[in-house]
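A.B. asks: model this:
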Amino acid sequence: MKYYEDTHAEVNYYKEAKTVEVIWKAPNADSTRYRMTMTKALVVMKKYDVCFWISDLSSVSKLTREDKIWVRNTLLPNLVNEKLKKTALVAKEGLMDHNDKRILQENALKNNFEITIFRTIREAYEWIGVPIK
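C.D. replies: Got it, this is the predicted structure:
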């Protein structure tokens, strides 16, 4: 089910797979659009029976430092629920540095879910164990 779509991104919910998927279409979403889209995906997660979150950032060329801090301080703590098991990020090399990855993984582990970064959407879907959409 397509939950939200704009020129920069779309948010999909797959009931059978218990998955929310965020697909970024534009290389540079401004902070307002980035945060709005991620918040819409969060609403889907809280409203429906979601165990898996996939965010395909492969078309994104840059995330601002402020947006990375927002993810760490606002989004990640809100991802916590007893159902979320895995979050998969699809990103090209260089979008996140080693420290960004470490912080994401530490926060996820603290909150009892896994987060891993992949190069392709296929790898992400294989890791969460549901058929690719």
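
A.B. asks: can we go C-alpha only for contacts and neighbour counts from here?
C.D. replies: Noted.

A.B. asks: shaky segments in this structure?
C.D. replies: 81-82, 133 (pLDDT under 70).

A.B. asks: can you tell me the centre-most residue of it?
C.D. replies: Ser55 (3.3 Å; Cα atoms, centre = their mean).

A.B. asks: other SSEs contacting the one helix or strand Ala124 maps to?
C.D. replies: Taking DSSP states H and E as the criterion, Ala124 maps to helix 121-128. Helix 121-128 sits against strand 52-56, strand 86-90, with contacts defined as 3 or more Cα pairs under 8 Å, 6 or more residues apart in numbering; DSSP states H and E.

A.B. asks: for those, which one sits closest to Asn111?
C.D. replies: strand 86-90 (11.1 Å; Cα to Cα).

A.B. asks: mind listing what's buried in whichever helix or strand comes after that closest one?
C.D. replies: Sequence order places helix 98-110 as the next helix or strand after strand 86-90, per DSSP H and E. Of all the residues in helix 98-110, those buried under the rule 16 or more other Cα atoms under 10 Å are 104-105, 107-108.
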